[in-house]
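Novice: model the structure of this input:
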Amino acid sequence: MNMTSSDSDFVFGRHAGIDFLKTQDAGKINKVFLQQGVQESFADEVFGLAREKGIVVQTVPKNKLDRLVQGGNHQGLVLTVASFEYADLDDLLDQFDQEEKQPFLLMLDSIEDPHNLGSILRTADATGVDAIIIPKRHATGLTSVVAKTSTGAIDYVPVARVNNLVQTSQMLKKRGYWLFGTDMDGTDYRQWDSNGKTVLVIGNEGKGISRLLKEQMDQMITLPMVGHVQSLNASVATGVLLYQMLDTRNYHK
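Specialist: Predicted coordinates for the structure are as follows:
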């Protein structure tokens, strides 16, 4: 994932921090803070990766790391990094056309919980999603919590942020994309064919897909439920649908 250098953010946690040190240029990492007294093998790995990029590691007490990430589970490692930047959707679509791809895009309608967005990014990377589209307002953006929850996937799945999801949907349809929404009333997801230029739209955790956006859908799909609770966590529902996509697109290796 590209970065800007205007603001700082944090990447924390062992898996996310190590992955960032391995995959990102030194210019995208401002500082590395390592907790005093962590196990020697982990400290050696952090120092070794930082040395390769010419980055100084500062060893600090645990309470300093706690303050930096406001009580987040840092596991002894915090990186201050350039703030996350978003991909340009038009550029991505042009690139897909040039590559003659049949892209699979994920559009998230006002996902508010950064843990949900991070989990969705992780599953999107695992299932080969080409890009994620989110709105600029009334939704979580790319944050340190998202980065940690994604366990590194934030570096590999392009995320585009747009002003208006309805207008973006209309533009995508003109470019030959089929839009599929999620709803309690719809076609059983096991009958969903996700081949071709496809956009899967996932609604807000509580409200679902907004009415105006739902009107843009070519088809609604649903996850049958036989229990007493007739809803799933947004990231869990997304995961089920993405693996159905993976199956219908024959991506098995």
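Novice: phi, psi for the most centrally placed residue in the chain please.
Specialist: The centroid of the chain falls nearest to L121 when counting by Cα atoms, centre = their mean (2.8 Å). Main-chain dihedrals, L121, degrees, to the nearest 10: phi -60, psi -40.
Novice: gap between it and R190?
Specialist: 25 Å (Cβ to Cβ, to the nearest Å). From N, CA and C alone the C-beta is placed, and that goes for glycine too.
Novice: swap in Q36?
Specialist: 53 Å.
Novice: show me the shaky parts of this structure.
Specialist: Where the chain drops to pLDDT under 70, the residues are 1-8, 226-232, 251-253.
Novice: run a quick neighbour tally on the closest residue to R161 other than its chain neighbours.
Specialist: Spatially, and ignoring its direct neighbours in sequence, R161 is nearest to Y86 (4.5 Å; Cβ to Cβ, 6 or more residues apart in numbering). If you count neighbours by other Cβ atoms under 10 Å, Y86 ends up with 19.
Novice: surely Y86 meets I154?
Specialist: No - Y86 is beyond contact range of I154, at 11.3 Å (criterion: Cβ atoms under 8 Å).
Novice: any common contacting residues for those two?
Specialist: Common contact partners of Y86 and I154 (Cβ atoms under 8 Å, 6 or more residues apart in numbering): L142.
Novice: where do the strands of the stretch 101-250 of the chain begin and end?
Specialist: Secondary structure of the stretch 101-250 of the chain by DSSP state E, counting those that start in this stretch: the strands cover 104-108, 131-135, 159-162, 178-188, 198-202, 219-222.
Novice: my read: the residue nearest to the centre of the chain touches G152, true?
Specialist: No - counting by Cβ under 8 Å, no contact exists between L121 and G152, whose distance comes to 9.4 Å.
Novice: since that was my last question, I'll sign off now.
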